[in-house]
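Everything below, folded, please.
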Amino acid sequence: MVIKIYEDKASLGRAAAEQAAVSLRKAIQESGRARIIAATGASQFEFLDALTAMPGIEWPRVEMFHLDEYIGLPASHPASFRKYLLERLIGKTKINKYHFLEGDGDVSKTVRKVAEELTAAAIDVAFVGIGENGHLAFNDPPADFQTEEPYLIVDLDEACRRQQVGESWFADLSDVPKRAISMSARQILKSKEILAVVPEARKAQAVKSCFEGEVSPLAPASILRTHAHTTVFLDKHSSALLSPEKRKAFA
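Numbers count the residues shown, from 1 in each chain. Just a heads-up that it's a prediction; the model follows:
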């Protein structure tokens, strides 16, 4: 795992997008396509803006999966991750092969179908974030580090749900769904490369817990440390609680 620290979330987003673009172009050149996993959330805004503006990516050759989706939320809801990806990635790039987690339909059928497509071939690069409680996708602590199931039905803890209110996706905690579909931690680790985009001060404690503490289900994103080809992109705010030695080593 490599950690890189930038001045702000704009420069972080550009740097992550540049590395992502190199990986996408390489995969397409070598195999004629690139298979990706895309994250959502406010932390990904600058990254996706920069990535969709990158030149030389043959987006029609990109196949996209997403990490998670709320159960019971229609695709038209402002907080829907399907709506997010349509507006911020698919619509801008004209990706024409993508697999949505339809949390408002037959959830078991959706999980089986998308899992089958996901595991049919290797994922070239996964874009992920880290939650304020250290979650990876919607794997809240204590995360299941053992299951080999590609997708799980999970209960969202209160810290995770409060984050969604804090990011203004929902007006009140009572509006936030209590369950979701989430890609499992071990499935994420099966990606050839992982890029974690983690800006902002509100993520600083999670960053410290995940990258200075033990690799533990209580700090779900700590499992990224076990993947040889993970790059974590931080800014000066999200990295602020790291020890001076670590900050100096990574800056």
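
can we go C-alpha only for contacts and neighbour counts from here?
Fine.

Can you pull out the low-pLDDT segments for the stretch 151-251 of the chain?
Where the stretch 151-251 of the chain drops to pLDDT under 70, the residues are 247-251.

Now do the helices in it.
Ranges of helices within the stretch 151-251 of the chain are 158-166, 185-189, 204-212, 244-250, based on DSSP state H, counting those that start in this stretch.

and those helices as JSON lines, adding distance to Ala21 and mean neighbour count?
Listed next are the helices of the stretch 151-251 of the chain as JSON lines, based on distance: least, CA to CA, whole Å; neighbours: other CA atoms under 10 Å:
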{"stretch": "helix 158-166", "distance to Ala21": "29", "mean neighbour count": "17"}
{"stretch": "helix 185-189", "distance to Ala21": "19", "mean neighbour count": "22"}
{"stretch": "helix 204-212", "distance to Ala21": "25", "mean neighbour count": "21"}
{"stretch": "helix 244-250", "distance to Ala21": "22", "mean neighbour count": "12"}
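
Tell me where the stretch 151-251 of the chain has strands.
151-155, 179-183, 193-198, 230-235 (DSSP state E, counting those that start in this stretch).

Please name the nearest non-neighbouring residue to Leu73.
Counting by CA to CA, 6 or more residues apart in numbering, Asp104 is the residue found nearest to Leu73 once chain neighbours are left out, at 5.6 Å.

Where does the one you found sit: helix, strand or coil?
coil (DSSP: H, G, I helix; E, B strand; the rest coil).

try Glu148
Going by three-state DSSP: Glu148 is coil.

And the helices of the stretch 151-251 of the chain: which comes nearest Glu87?
Comparing these against Glu87 with CA to CA, the closest turns out to be helix 158-166 (18.5 Å).
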